[in-house]
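S.K.: Sequence plus predicted model, see below.
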There are 2 protein chains.
Amino acid sequence: MAATQRILDFLATRRPDGPCLIVDLEVVRENYKAFEKALPDSRIFYAVKANPAPEILRLLASLGSCFDTASVAEVEMALDAGAAPHRISYGNTIKKERDIARAYELGIRLFAVDCVEEVEKIARVAPQARVFCRVLTDGEGAEWPLSRKFGCVPAMAVEVLRHARKLGLDAYGVSFHVGSQQCDLSAWDRALGDAKKVFATLAEEGITLKMVNMGGGFPTRYLKDVPVARAYGESIFEALRKHFGNAIPETIIEPGRGMVGNAGVIKSEVVLISKKADNDNVRWVYLDIGKFGGLAETMDEAIRYPILTPRDGDEKAPCVLAGPTCDSADVLYEKTPYPLPLSLTIGDEVLIEGTGAYTTTYSAVAFNGFEPLRSYVI
Amino acid sequence: MAATQRILDFLATRRPDGPCLIVDLEVVRENYKAFEKALPDSRIFYAVKANPAPEILRLLASLGSCFDTASVAEVEMALDAGAAPHRISYGNTIKKERDIARAYELGIRLFAVDCVEEVEKIARVAPQARVFCRVLTDGEGAEWPLSRKFGCVPAMAVEVLRHARKLGLDAYGVSFHVGSQQCDLSAWDRALGDAKKVFATLAEEGITLKMVNMGGGFPTRYLKDVPVARAYGESIFEALRKHFGNAIPETIIEPGRGMVGNAGVIKSEVVLISKKADNDNVRWVYLDIGKFGGLAETMDEAIRYPILTPRDGDEKAPCVLAGPTCDSADVLYEKTPYPLPLSLTIGDEVLIEGTGAYTTTYSAVAFNGFEPLRSYVI
């Protein structure tokens, strides 16, 4: 994974100053092909929010990908990259009515909902559009478990979709999200079981749902080994057959992190190494990127990125790792200190791997006067 | 506090679309005057990171304020606002050597340190500059306690300043930060006691420190009443006399939140109100601004902003309050739900008060395709 030869060559040749993300499009292409192979019957909707770099969107559009978007701005980015409107889903369950109207004007016909209130907005400004209702899952087994923010219980999903049909919308299907970095393959089985119940209840009323959106959650490799896309595909196919038998519906997946996470590497510089007292046994290592510069996902130390240093052969000792801002919350790893070489030196460049997703756009616009994270897509 | 008539008039007249911050310069002016009156013998270094809007910096420069900066970009902003270099401190203890050199070229002669490694960088590229060493405090009583990220124990501060003198720098003083939103007035007393010990130890070696930088931590009014600037000033003056007697050193304060927090109000719109199940007794209220749009300080629900709605007379019930992004971490208040009127309706505009500090610059550059928080300074 991660620091490919192309990325290393780019850094050696271009020597960009300041922290930056480098994304290798060849890895994105491989990931797309792997998903396609693992789930040949599912349509792939890339989650644009993971990394909306135009080069990534153009590559995926050319490969035939569809796009899951969170806002009108993301709809426009996907269109600009060459995706036709029917290949774009407005997947955010929280939308202003005027944004729904704008997306509809742009040709979007597929919308996510999780309550009747949202259905009513869509019915008013996007007549006959397709809607799918997000169902709550428990997110068990995910490294970054989702809260109850999105979705409703299956019984309410039935009401929501019934209401959609009543208002002239196309009650199209259900969606779920098993949680980001989901490593427990049975999570999809449980969620598909819930989805099937919604299908069955509505079928009794003559409403035939057509689609299951299985969301994202496909892990990228961080420090731990994770089952590869192939294993995911097999488990999901088995679960589909188990619950839907011969009537497997149209399926969609929405990989974001799984598509671009391992394609990116952040180059950073060691700004300071110090101790707080002579007898401290933990060093503080300060990098020129931190929580507000793009590494927001280290929140609660949830995600532990692999870090390469130029001195990795040397003896290591635990460090507290922190960012460069005057904000005491800008600490990456403290509860579980990070082992780094004792010989690490101020000015050394380090590579933070697995950072292709959820970094550039999370970065603060100008906190402490620092620029947002730059990115190079090669 | 907060939603002044000028702000209400601006909103009523201009009706800006989308979430935005409005800052009333008259409140900033009053806050500056209050600090000046409360601590007539201290120089005020406004913490630029709290809100670097050019209008705020220009007003404060014209009132005679000095500036505490966290980066070369902030140094440049303060210079652009009309501050002379001797009125600017480079207060970040974590600096690249080339950034120190650049600041020195721009005329900056006052730098923060908390270890010998940083002293060595400064000695190499900023000869004879003044340095002050940050001492660790326990931050007890602060709503957002600081970690050990900045500062060193007092015994090490002695070594750091001794080393600075040895390398030809001006060992100028010590600094501390009692923690943001510090409501315990005795915190300053304890920190000043530590500062005095460093002064005394170095005096025995013939090194006369001249300055105590008392940092920030002055609270702005959120939901709770806090002692006003005057009470702070009196407590601090008493503590100074207690520890330094007739030899009170030059003192500096660095208000950020205390200068601009209560001067700003964020206007937001209710995007969705829904439940997750028919029998839920907590509603979810989704705003068009959240943790990634500028309200990062709701992290761990640390800061609870007052929220005004157009229906505040009506009966209230607890809500989970969340932002508009497809990120399940983008929830503002969930552990302690927020009481809002039962009559609150999708499309209502709400005012989030006390948001003049640490909002615009924290906001993500483009997460989910949403623009960074706009701001109007009036």
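M.R.: Received the coordinates, thanks. Numbering: from 1, shown residues only, chains lettered A, B, ... in the order given.
S.K.: now the helices for the stretch 51-200 of chain A?
M.R.: A:54-63, A:72-80, A:97-105, A:116-125, A:154-166, A:186-204 (DSSP state H, counting those that start in this stretch).
S.K.: Including mean pLDDT, could these go into JSON lines?
M.R.: Shown next, in JSON lines, are those (pLDDT from 0 to 100):
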{"stretch": "helix A:54-63", "mean pLDDT": "98"}
{"stretch": "helix A:72-80", "mean pLDDT": "98"}
{"stretch": "helix A:97-105", "mean pLDDT": "98"}
{"stretch": "helix A:116-125", "mean pLDDT": "98"}
{"stretch": "helix A:154-166", "mean pLDDT": "97"}
{"stretch": "helix A:186-204", "mean pLDDT": "93"}
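S.K.: Compare these and give me the one nearest chain B.
M.R.: Nearest to chain B among those is helix A:72-80; the distance by Cβ to the nearest Cβ comes to 3.3 Å. C-betas here are computed from N, CA, C, even on glycine.
S.K.: wait, does the closest one make contact with chain B?
M.R.: Yes - counting by Cβ under 8 Å from any Cβ of the partner chain, contacts between helix A:72-80 and chain B involve A:72-74, A:77.
S.K.: and which of these is nearest residue A:252?
M.R.: Distance to residue A:252 across the residues of helix A:72-80 next to chain B (Cβ to Cβ) is lowest for residue A:74, with 16.6 Å.
S.K.: how about the nearest residue to that closest one, chain neighbours excluded?
M.R.: residue B:369 (3.9 Å; Cβ to Cβ, 6 or more residues apart in numbering or on different chains).
S.K.: Hmm, the one you found is touching residue A:68, no?
M.R.: No - counting by Cβ atoms under 8 Å, residue B:369 sits too far from residue A:68 to count as a contact (11.9 Å).
S.K.: Pipe the residues of helix A:72-80 next to chain B into a markdown table and attach neighbour count per row.
M.R.: Below are the residues of helix A:72-80 next to chain B laid out as a markdown table (neighbours: other Cβ atoms under 10 Å in any protein chain shown):
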| residue | neighbour count |
| --- | --- |
| A:72 | 23 |
| A:73 | 16 |
| A:74 | 27 |
| A:77 | 21 |
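S.K.: any chance of those in a markdown table, with distance to residue A:58 too?
M.R.: Formatted as a markdown table, those follow (distance: Cβ to Cβ, whole Å):
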| residue | distance to residue A:58 |
| --- | --- |
| A:72 | 20 |
| A:73 | 17 |
| A:74 | 15 |
| A:77 | 10 |
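S.K.: And these, which is closest to residue A:243?
M.R.: Within the residues of helix A:72-80 next to chain B, proximity to residue A:243 (Cβ to Cβ) peaks at residue A:74, which comes in at 31.3 Å.
S.K.: isn't that closest one right up against residue B:366?
M.R.: No - Residue A:74 lies out of contact with residue B:366 (Cβ under 8 Å); the separation is 9.4 Å.
S.K.: list the residues that contact both of the two?
M.R.: residue A:52 (Cβ atoms under 8 Å, 6 or more residues apart in numbering or on different chains).
S.K.: sorry, back to before: quick one: neighbours of the residue nearest to residue A:74, just the number.
M.R.: Using other Cβ atoms under 10 Å in any protein chain shown, residue B:369 has 21 neighbouring residues.
S.K.: what do you get for the one 4 residues further on?
M.R.: Residue neighbour count, defined by other Cβ under 10 Å, stands at 24 for residue B:373.
S.K.: Also residue A:6?
M.R.: Neighbours of residue A:6 using other Cβ under 10 Å come to 14.
S.K.: What are the neighbouring residues in contact with it?
M.R.: A:24, A:26, A:378.
S.K.: can you tell me which of those residues lies nearest to chain B?
M.R.: Chain B lies nearest to residue A:378 out of these, by Cβ to the nearest Cβ, at 20.8 Å.
S.K.: close enough to count as contact, that closest one and residue A:7?
M.R.: Yes - using Cβ under 8 Å, residue A:378 makes contact with residue A:7 at a distance of 7.2 Å.
S.K.: Looking at those two now, which is surrounded by more residues?
M.R.: Of the pair residue A:378 and residue A:7, residue A:7 is the one with more neighbours under other Cβ under 10 Å, namely 23 against 14.
S.K.: I figured that one hits residue A:22, correct?
M.R.: Yes - using Cβ under 8 Å, residue A:7 makes contact with residue A:22 at a distance of 4.9 Å.
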